[in-house]
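Asks: test case, fold it:
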Amino acid sequence: MLKVCKYTLIDLARNRFAIGYATLLLLVSIGLFMLEGDPTKALISLTQVVLALVPLLALVFTIIYFYNQYEFTVLLAVQPLGRRNIVLAQLLAITIAMLIAFLVGIGMPVLVFAPSAAGWTLLLTGAALTAVFTAIGGWIAVKNRDRARGVGIGLVTWVLMVLVYDALLLWIMFAFSDRPIEPVIVPLAAFNPIDLARILVMLKIDLAALLGYTGAVYQQFFGSVGGMLVALCALILWVALPSWRAVSAFASKDL
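Replies: Below is the predicted model of the structure:
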């Protein structure tokens, strides 16, 4: 498993997409901090970029990389190596590579310009989203033989999580604002890792007040130690479950 992970990392180190990804994030981050006089405002803008761009690129890159490496993966599968170990090693390597690119592109500017609690929260949630969508991308690629279908499912998944889910959640908030919806809203936020990351960063930047009653609900739950632990466990599950599904799918897949 370690040898497969090492080889995949070496291959990823030469990958132009990974290098371009880090460069793009670095340019965007520095640009936002240089344009905005207030680091907090720049951090807010950077949060929107991270929540939209990082999941998309991590998801699409993972799917395409799995398809590009299909022949090599089949070659590994006929060797005396466990199928589960092969997929886990590839997922681990891709996650590490994407995390390094993210920390170089986002982490360095944040630590220089905004080394605050909000900045650290953005880095942690961005890293978590990277791992989550790498796992989801691996699952999608393993489950679907056709490249176009896999990429299409990935894009639809991203649109549903970034746009449709938010719209649905806002509709529920406004439609049932006269009722006690706290038991519903908090679990619904945990069902979308992007929303969960947005809430955690928002609370650290003290923007919860802008959401009125809903922000107060989030502040009351996620602002506590218990709420932070629940959020952390939810993000870990978002990594573990797709990874497990990808491993299971590949173990039973007819190559």
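
Asks: residue 5: neighbour count?
Replies: 19 (other CB atoms under 10 Å). The way it works is simple: take the backbone N, C-alpha and C, and place the C-beta from them, glycine included.

Asks: where's it, which helix or strand?
Replies: Assigned by DSSP states H and E, residue 5 belongs to helix 2-13.

Asks: list the contacts of the nearest residue in space to residue 30 that is not next to it in sequence.
Replies: Nearest non-adjacent residue to residue 30, counting by CB to CB, 6 or more residues apart in numbering: residue 109, 5.2 Å away. Residues near residue 109 by CB atoms under 8 Å, 6 or more residues apart in numbering: 26, 29-30, 33.

Asks: same thing but 10 Å
Replies: By CB atoms under 10 Å, 6 or more residues apart in numbering, the contact set of residue 109 is 25-34, 42, 46, 119.

Asks: again, but for residue 50
Replies: 25, 28-29, 43, 102, 105-106, 110, 122-123, 125-126, 129-130, 194, 197-198, 201.

Asks: how about residue 19?
Replies: With CB under 10 Å, 6+ apart, residue 19 has these contacts: 12-13, 101, 104.

Asks: residue 127 is in contact with residue 110, isn't it?
Replies: No: contact criterion CB atoms under 10 Å: residue 127 and residue 110 do not qualify, at 11.7 Å.

Asks: list residues touching both of the two?
Replies: Joint contacts of residue 127 and residue 110 (CB under 10 Å, 6+ apart) are residue 103.

Asks: who's more crowded, the two?
Replies: Legend: neighbour count by other CB under 10 Å for residue 127 and residue 110, higher for residue 110 (25 against 20).

Asks: give me the nearest residue to the more buried one, chain neighbours excluded.
Replies: Among residues not flanking residue 110 along the chain, residue 119 sits closest, at 4.5 Å (CB to CB, 6+ apart).

Asks: what's the helix or strand for the one you found?
Replies: If you go by DSSP H and E, residue 119 is part of helix 117-143.

Asks: just to revisit the earlier point, for the contacts of residue 19, point out the one with the lowest pLDDT.
Replies: Among these, residue 13 carries the lowest pLDDT, at 74.

Asks: count the residues that sit near that one.
Replies: Using other CB under 10 Å as the criterion, the residues surrounding residue 13 number 11.

Asks: any idea how far it lies from residue 134?
Replies: 16 Å (CB to CB, to the nearest Å).

Asks: ditto for residue 102
Replies: 11 Å.

Asks: now do the shared contacts for these two.
Replies: Counting by CB under 10 Å, 6+ apart, the contacts common to residue 102 and residue 134 are residue 58.

Asks: between the two, which one's more packed in?
Replies: Comparing residue 102 with residue 134 by other CB under 10 Å, the one with more neighbours is residue 134, at 29 against 23.

Asks: next one: that one from residue 127, what distance?
Replies: Noted for residue 134: a distance of 11 Å to residue 127, by CB to CB.

Asks: how far does the helix or strand containing residue 55 sit from its chain's centre?
Replies: Element membership for residue 55 (DSSP H and E) is helix 39-68. Relative to its parent chain, helix 39-68 has a centroid offset of 7 Å by CA atoms, centre = their mean, to the nearest Å.
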